[in-house]
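Trainee: I'll drop the sequence and a predicted model, then ask my questions.
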Amino acid sequence: MSGQRSEGPARGDDAPGAPPADGAPAGAVPAPRPGGRAEARRAAQGKAGAAQGGPPAPGGRAAARAAARKPQRSAKKIVAWSAAGVLVLLAGTGGLIYYKLNGNIKSFDADAIAKDRPPEAQADADGNKPVNVLLIGSDSRGKNNSDLGGGEEGGARSDTTILLHVYADHKHAVGISIPRNAMVATPPCKLPNGKWTKGSSSAMFNAAFSTGGSEDGNPACTQNTVEKLTGIRVDHTMVVDFSGFSAMTKAVDGVDVCLPEEIHEGDVNPNLGKKGAVVLKKGPQKVEGQQALDYVRLRHGLGDGSDIGRMKRQQAFISSLASKVKKQGLSPTNLLPLADAATKSLTVDPGLDSADKLMSFGLSLRNIDMHDLKFVTLPWRYRTVDKNLDIVQPDANKLFDTLKADRTLDGQNATGEQPPEAASPTAPAAPATTTAVSLPASPLASDTAANKNIKVSVLTGTTAAGMAGKATEQLKAAKFNATVAGRADTTKYTTTMVRYGSGQKANAEKVAVLFPGAIIEAGTASGVTVVVGQDFAAANGATAAGSSSAAPSAPGTPAPLPTSVTADARSADDNICDNTTYGSGG
């Protein structure tokens with residue numbers, strides 16, 4: 001693509017997402033302790049004396065170690081969208097923060113946004129409208145970023161990109177991680193000199209941001225690329241680098257994370273040549289500053305060492321960070337240092353170029369519950385010709401269609417409109433036998449506080465439309481952690497089945513209370529699985545052919561999402577120890 005630099009050898013931590021060969025560094029991960037390759041590089045450049053000379057900084061070994069090392073740029077890219085996501089919460093605090101943020105924010109050129117774009121979402125009669133926000137993590141080496149690991153090379157890339165879809169009801173949201181080395185078509189993009197590129201039929205996704213070679217990157221090109229890929233109009237774009245990341249984590253007094261294994265110095269810096277001391281312990285822990293950077297940039301020592309596992313940990317990190325910020329409360333006293341650090345590294349589209357606009361946007365999101373903030377990764381597979389990724393179709397397009405229809409991952413209608421059957425006084429009431437509300441006296445269903453720890457997968461076992469989504473809503477009403485997991489092995493189930501894995505029989509019995517007449521049996525899958533049958537569909541007014549005596553489904557209602565999308569979905573309130581790695585080995 002014209003104006004776009006060649007990917008060439010991976011810079012720093014830019015190695016593709018495929019697992020590296022044993023012993024081969026996946027990227028230039030910085031040495032977090034003296035003796036690593038960062039010192040070797042400084043020595044080669046004649047900087048070793050400056051890096052090592054002089055007395056150690058006061059504050060003991062940790063402070064001396066921090067003064068000695070110079071992390072590489074991967075420290076900034078970790079969760080750029082985490083800063084942007086927290087900004088959404090911060091923007092509504094008003095007062096001192098409002099005016100301080102205003103002086104920090106800068107925007108990019110609106111003329112660089114493509115003219116041929118997907119249509120805007122239409123508001124309903126109540127003014128409800130979904131919002132799509134593109135969150136980009138920049139690895140820019142400009143300004144103070146090289147001091148935090150930006151390196152010596154110029155330009156910038158987008159190493160972390162999340163498309164955040166805020167549903168029209170403004171009570172649900174889902175963030176889609178787009179792998180940086182996924183191969184995509186890129187549209188024409190505007191260069192710093194005012195000329196436009198010709199575009200490309202196949203390029204690495206993160207190359208769009210580097211188009212033009214600017215230290216600030218090219219967020220408009222990334223926005224254009226995402227719109228071309230998804231067919232979804234991006235309403236706002238935020239770009240964040242990580243000069244303030246350490247200060248942000250300290251401002252909230254650390255972030256709770258969890259790891260399945262101990263992480264050693266040699267895992268953070270594979271060139272160290274030895275295992276080294278423990279950097280991050282196994283299990284739950286609170287991290288801030290350098291430890292937080294170590295957690296979110298980590299690749300080696302867990303799973304297959306790929307970017308896929310790292311994206312999972314980044315999703316877990318931002319979930320934990322957002323949960324903590326919301327729990328602490330949005331007070332200026334608590335959040336001013338965090339807001340100041342984040343916005344000093346913030347570039348936005350012209351639609352969010354002031355604290356007033358950010359505040360208005362932030363206030364619109366304050367009612368999103370952490371359980372209804374989800375994260376998924378765009379369906380992908382490794383290519384056979386190289387170590388990059390292909391996007392899996394039609395699975396990805398089904399996800400995009402679901403968002404366009406404002407349906408949640410589990411099939412709920414989140415358009416913000418009141419369902420016609422609920423508004424109509426003549427609409428028949430739902431049968432009591434299928435309503436969770438009618439069962440509070442049951443000792444199995446009444447302990448809703450415990451139900452939230454029971455994960456339930458719901459499968460469609462009938463041809464009637466929307467039944468898995470309805471069953472999931474019913475389970476959620478009883479506080480179960482339920483998600484639609486796709487279709488069953490057949491759609492000819494006449495009776496609803498509740499299946500349980502090892503040690504889950506008691507939980508299955510609690511779930512079955514909500515489905516009178518359901519058959520409880522042992523299954524091969526872990527946890528609890530509900531297969532919705534025709535009995536449930538009939539009780540809810542649907543026929544076997546999929547028609548319903550209630551109000552018809554909205555036009556264009558998408559099919560249930562495939563498991564390639566839903567299987568690893570994370571809620572922001574999930575256990576911090578779950579779903580933090582990918583593959584085996586490490």
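Mentor: Everything's here; your move.
Trainee: Is A114 in a helix, a strand, or coil?
Mentor: Assigned by DSSP: H, G, I helix; E, B strand; the rest coil, the conformation of A114 is coil.
Trainee: Quickly find the element holding the residue nearest to it when sequence neighbours are not counted.
Mentor: For A114, the nearest residue in space outside its immediate sequence neighbours is N224; the separation is 4.4 Å by CB to CB, 6 or more residues apart in numbering. Using the backbone N, CA and C atoms, a C-beta is placed for each residue, glycine as well. Assigned by DSSP states H and E, N224 falls within helix 219-230.
Trainee: about what we covered before: what does the model give the residue nearest to A114 for pLDDT?
Mentor: The predicted structure scores N224 at 95 on the pLDDT scale.
Trainee: And for it, the neighbour number?
Mentor: For N224, the count of nearby residues is 26 (other CB atoms under 10 Å).
Trainee: Could I have the CA atoms of the helix holding N224 written out in PDB?
Mentor: Coordinates of the C-alpha atoms in helix 219-230 are reproduced here as PDB (Å, rounded to 0.1, in the frame of the first residue of the first chain):
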ATOM      1  CA  PRO A 219      -6.000   6.800  13.500                       C
ATOM      2  CA  ALA A 220      -8.200   7.800  10.700                       C
ATOM      3  CA  CYS A 221      -6.700   5.100   8.500                       C
ATOM      4  CA  THR A 222      -7.400   2.500  11.200                       C
ATOM      5  CA  GLN A 223     -10.900   3.800  11.600                       C
ATOM      6  CA  ASN A 224     -11.400   3.600   7.800                       C
ATOM      7  CA  THR A 225     -10.100   0.000   7.800                       C
ATOM      8  CA  VAL A 226     -12.400  -1.100  10.700                       C
ATOM      9  CA  GLU A 227     -15.400   0.300   8.900                       C
ATOM     10  CA  LYS A 228     -14.400  -1.500   5.700                       C
ATOM     11  CA  LEU A 229     -13.900  -4.700   7.600                       C
ATOM     12  CA  THR A 230     -17.000  -4.600   9.700                       C
END
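Trainee: ok, now which ones touch the closest residue to A110 other than its chain neighbours?
Mentor: Ranked by CB to CB, 6+ apart and with sequence neighbours excluded, the top spatial neighbour of A110 is P350, at 4.6 Å. Contacts for P350 (CB atoms under 8 Å, 6 or more residues apart in numbering) come out as S107, F108, A110.
Trainee: Now do the first one against N132, distance only.
Mentor: Think S107. 18 Å (CB to CB, to the nearest Å).
Trainee: Neighbour count: the two, which is higher?
Mentor: For the pair S107 and N132, the greater number of neighbours falls to N132 (22 against 18), based on other CB under 10 Å.
Trainee: Okay, and the more buried one sits in which element?
Mentor: N132 is part of strand 131-138 when elements are defined by DSSP H and E.
Trainee: Taking helix 219-230 as reference, get the angle to that strand.
Mentor: If you take axes from the mean of the first three to the mean of the last three CA atoms, to 10 degrees, strand 131-138 sits at 120 degrees to helix 219-230.
Trainee: which helices and strands does strand 131-138 pack with?
Mentor: When contacts are defined as 3 or more CB pairs under 8 Å, 6 or more residues apart in numbering; DSSP states H and E, strand 131-138 packs onto helix 74-77, helix 80-90, strand 158-166, helix 219-230, strand 236-240.
Trainee: What would it look like as PDB? C-alpha coordinates only.
Mentor: Taking only C-alpha atoms (Å, rounded to 0.1, in the frame of the first residue of the first chain), the coordinates of strand 131-138 have been written out as PDB:
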ATOM      1  CA  VAL A 131     -22.500   4.100  19.800                       C
ATOM      2  CA  ASN A 132     -19.400   2.400  18.300                       C
ATOM      3  CA  VAL A 133     -16.100   3.500  19.700                       C
ATOM      4  CA  LEU A 134     -12.700   2.500  18.300                       C
ATOM      5  CA  LEU A 135     -10.100   2.200  21.000                       C
ATOM      6  CA  ILE A 136      -6.500   2.100  19.800                       C
ATOM      7  CA  GLY A 137      -3.300   1.500  21.600                       C
ATOM      8  CA  SER A 138      -0.300   3.300  20.000                       C
END
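Trainee: who does it pair up with?
Mentor: Based on DSSP bridges, the strands next to strand 131-138 in the sheet, each with its direction, are strand 158-166 (antiparallel), strand 236-240 (parallel).
Trainee: Of those strands, flag the one that's most buried.
Mentor: Ranked by mean neighbour count under mean count of other CB atoms under 10 Å, the strands paired with strand 131-138 are led by strand 236-240, which reaches a mean of 27.
Trainee: Rounded mean pLDDT for that one, please.
Mentor: The predicted confidence, averaged over strand 236-240, sits at 86.
Trainee: After it, which helix or strand is next?
Mentor: Of the helices and strands lying after strand 236-240 in sequence (DSSP H and E), the nearest is helix 245-251.
Trainee: Point out the other helices and strands that that following helix packs with.
Mentor: Using 3+ CB pairs under 8 Å, 6+ apart, the elements in contact with helix 245-251 are helix 80-90, helix 289-297, helix 332-343.
Trainee: okay, now V385: neighbour count?
Mentor: Using other CB under 10 Å, V385 is surrounded by 8 other residues.
Trainee: Averaged pLDDT, the helix ranked longest in the chain. What do you get?
Mentor: Among the elements of the chain assigned as helix by DSSP state H, the one spanning the most residues is helix 307-328. Across helix 307-328, pLDDT averages out at 87.
Trainee: what's the angle between that helix and strand 158-166?
Mentor: Computed by the same axes, to 10 degrees, the angle between helix 307-328 and strand 158-166 is 50 degrees.
Trainee: What residues sit buried inside helix 307-328?
Mentor: Judged by neighbour count using 16 or more other CB atoms under 10 Å, the buried positions of helix 307-328 are 307-326.
Trainee: and what of stretch 375-383?
Mentor: Buried, per 16+ other CB under 10 Å, within stretch 375-383: F375, V376, T377, L378, P379, W380, Y382.
Trainee: and these as CSV, adding distance to R407 and secondary structure?
Mentor: Formatted as CSV, the entries for those read as follows, by distance: CB to CB, whole Å; DSSP: H, G, I helix; E, B strand; the rest coil:
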residue, distance to R407, secondary structure
F375, 17, strand
V376, 14, strand
T377, 19, strand
L378, 17, coil
P379, 17, coil
W380, 22, strand
Y382, 29, strand
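Trainee: Tell me which two of those residues sit farthest apart.
Mentor: Of all pairs drawn from the buried residues of stretch 375-383, the greatest distance, 21.4 Å, lies between F375 and Y382 (CB to CB).
Trainee: circling back: which one, of the strands paired with strand 131-138, ends up nearest to T563?
Mentor: Going through these one by one, with CB to CB as the measure, strand 158-166 comes closest at 19.8 Å.
Trainee: Alpha carbons of that closest one, as PDB, please.
Mentor: Written as PDB, here are the backbone C-alpha positions of strand 158-166 (Å, rounded to 0.1, in the frame of the first residue of the first chain):
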ATOM      1  CA  SER A 158      -1.600   0.000  16.700                       C
ATOM      2  CA  ASP A 159      -0.700  -3.000  18.700                       C
ATOM      3  CA  THR A 160      -4.000  -3.100  20.600                       C
ATOM      4  CA  THR A 161      -7.400  -2.300  19.000                       C
ATOM      5  CA  ILE A 162     -10.800  -2.800  20.500                       C
ATOM      6  CA  LEU A 163     -14.100  -1.900  18.800                       C
ATOM      7  CA  LEU A 164     -16.500  -1.100  21.700                       C
ATOM      8  CA  HIS A 165     -20.200  -1.400  20.800                       C
ATOM      9  CA  VAL A 166     -22.400   0.400  23.300                       C
END
